[in-house]
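Q: Predicted structure and sequence below. I'll ask about it afterward.
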Amino acid sequence: MTVTQAVFYLMAAFTVGASLLVVLARNIVHCAIALVFAFFGVAALFILLDAEFLAATQVLLYVGGITILLLFAIMLTSRISARGGKIMNEQVGISAVVALALFGLMAYANLKGFPALVPPMLAASDNTASLGRLLLTTYVLPFEVVSLLLLAAMVGAIVLARRDQGKD
Amino acid sequence: MVPLSHYLILSALLFAIGMFGALTRRNAVGVLMALELMFNAINVSFVAFSRYLPQQMLQGQIFAIFVITVAAAEAAVGLAIILGLYRNFKTINVDEINLMKW
């Protein structure tokens, strides 16, 4: 077993454990903390896959941005002291069956469909530079569309979250 | 090297875990967290394909960047909706918010 494989299985187990904690932990703040670890595990997998730019983006955006946003929402909405009560609705059993069936199907299809594919040798080029070139040449239209989407989401979030004028 | 199918099985496992969370969580913020897990699972498989398919053309990574952007937009709007729900219903348990349920 090479070092790459060892690191992969370690990070895979780490990520799966953290995401199980996200789904199963009783305290919602613990879920948010576990989510940080799951995001870090995925970032490590990106580095293993030679996607350094995406790993950095993952850490900056997910760990630094989305988790903080989620923590803010938790603090603003739930009473942390008022624990107890169930965390899951009554469809736990059927959801578990559906999720397991989906995983089984996808794992079966993977094992059947993808023979051990050898990754091609990387050409000696900078990952970030090539990504930037692609984003501003071939994919410039989707890039602009997604910028517009971000702007619209920002305006929408502000409009939804602010209080109505005149009230309180 | 790690075979491609291991990355894909990991991705499928993460997706299944996220789906279980999104289907069962009562807290709306918990549902959002499970959604983010599912986005991450998809990103893992995009990047794995982008690395392993014969021509290294980075399409998978470009797609992953777009997925991350849409996830950020989704999180912002989703949290604004959750704040609005909390303001109107004083709860964010999704099974208690059934005003439009027949």
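A: Happy to help now that I have it.
Q: Please read off the pLDDT at the residue nearest the centre of chain A from the model.
A: Centre of chain A computed as the mean C-alpha position; nearest residue by Cα atoms, centre = their mean is A:F39, 5.8 Å away. pLDDT, A:F39: 94.
Q: Find the nearest non-adjacent residue to it, please.
A: A:Y62 (4.3 Å; Cβ to Cβ, 6 or more residues apart in numbering or on different chains). For every residue, glycine as well, the C-beta is placed using N, CA and C.
Q: How about the contacts made by that neighbour?
A: By Cβ atoms under 8 Å, 6 or more residues apart in numbering or on different chains, the residues touching A:Y62 are A:39, A:42-43, B:36, B:40, B:68, B:71.
Q: ok, now A:L45?
A: So A:L45 contacts A:8, A:11-12, A:15, B:7, B:10, B:44, B:47 (Cβ under 8 Å, 6+ apart).
Q: switch to 6 Å and redo it
A: With contact set as Cβ atoms under 6 Å, 6 or more residues apart in numbering or on different chains, A:L45 has these partners: A:11, B:44.
Q: buried residues in the helix or strand that contains the residue nearest to the centre of chain A?
A: Take DSSP states H and E as the rule and A:F39 turns out to sit in helix A:28-48. For helix A:28-48, burial by neighbour count (16 or more other Cβ atoms under 10 Å in any protein chain shown) applies to A:28, A:31-32, A:34-46, A:48.
Q: which element follows that helix toward the C-terminus?
A: Using DSSP H and E, the next helix or strand after helix A:28-48 towards the C-terminus is helix A:52-57.
Q: Alpha carbons of that following helix, in PDB - could you do that?
A: Extracted C-alpha coordinates of helix A:52-57, given in PDB (Å, rounded to 0.1, in the frame of the first residue of the first chain):
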ATOM      1  CA  GLU A  52      -5.000  22.600  -5.600                       C
ATOM      2  CA  PHE A  53      -7.100  25.600  -6.600                       C
ATOM      3  CA  LEU A  54     -10.400  23.800  -5.700                       C
ATOM      4  CA  ALA A  55      -9.000  22.700  -2.400                       C
ATOM      5  CA  ALA A  56      -8.100  26.300  -1.500                       C
ATOM      6  CA  THR A  57     -11.600  27.400  -2.700                       C
END
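Q: Perfect, that will be all.
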